[in-house]
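**Student:** I'd like to go over a predicted model; first the sequence, then the structure.
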Amino acid sequence: MRHKGKITQYRAQRGFGWIASETILQHRFFHISQWQGTVVPQIGQIVEFTDGIDKNKRPQAQAIVPVLEVAPAVTPAAETSTKEAS
């Protein structure tokens with residue numbers, strides 16, 4: 001069964017995060033190896049996933065697919081000021 005949820009936390013350096021589901025009471029852990037999107041997961045992103053268990057028998061979101069691909073946030077380039085020599 002597919003579930004729908006929202007990414008509430010994502011730690012890119014470690015490759016894991018948490019999903020709050022509309023149909024499962026507890027947040028689900030996910031690992032980047034289960035991500036099937038083309039862009040990096042983003043906090044607030046809506047996803048669909050299957051509920052599974054990891055090798056240690058703990059609940060885990062699997063086969064995670066973004067409902068809508070979100071382009072990574074782009075930070076505006078810092079303004080550079082040039083001082084003229086007097």
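**Tutor:** Structure received.
**Student:** number of nearby residues for the closest residue to Glu22 other than its chain neighbours?
**Tutor:** The spatially closest residue to Glu22, leaving aside those adjacent along the chain, is Lys4, at 5.3 Å (CB to CB, 6 or more residues apart in numbering). Yep, even glycine has a C-beta here, placed from its N, CA and C like the rest. Other residues near Lys4 number 14, with proximity taken as other CB atoms under 10 Å.
**Student:** pretty sure Lys4 is touching Thr50, no?
**Tutor:** No. Applying CB atoms under 8 Å as the test, Lys4 and Thr50 come out as separate, 11.4 Å apart.
**Student:** close enough to count as contact, Ile19 and His31?
**Tutor:** No. Counting by CB under 8 Å, Ile19 stays clear of His31, with 11.4 Å between them.
**Student:** more crowded one of those two?
**Tutor:** Set Ile19 next to His31 and count neighbours by other CB under 10 Å: Ile19 wins out with 26 against 15.
**Student:** contacts only, for the closest residue in space to that one that isn't next to it in sequence.
**Tutor:** Excluding the flanking residues, the one nearest Ile19 by CB to CB, 6+ apart is Gly5, at 4.2 Å. Going by CB atoms under 8 Å, 6 or more residues apart in numbering, Gly5 touches 19-22, 24, 28, 46-49, 61.
**Student:** which residues does the residue nearest to Glu22 bridge with?
**Tutor:** For Lys4, the beta-bridge partners are Glu48 (DSSP bridges).
**Student:** distance check, it against Thr23.
**Tutor:** Taking CB to CB, to the nearest Å as the measure, Lys4 falls 7 Å from Thr23.
**Student:** and Pro59, by the same measure?
**Tutor:** Using CB to CB, one gets 13 Å for the distance from Pro59 to Thr23.
**Student:** who's more crowded, the two?
**Tutor:** Each of Pro59 and Thr23 has its neighbours counted (other CB under 10 Å); Pro59 has more, 13 against 10.
**Student:** quick check: bridge partners of that one?
**Tutor:** With DSSP bridges as the rule, Pro59 is bridged to Ile53.
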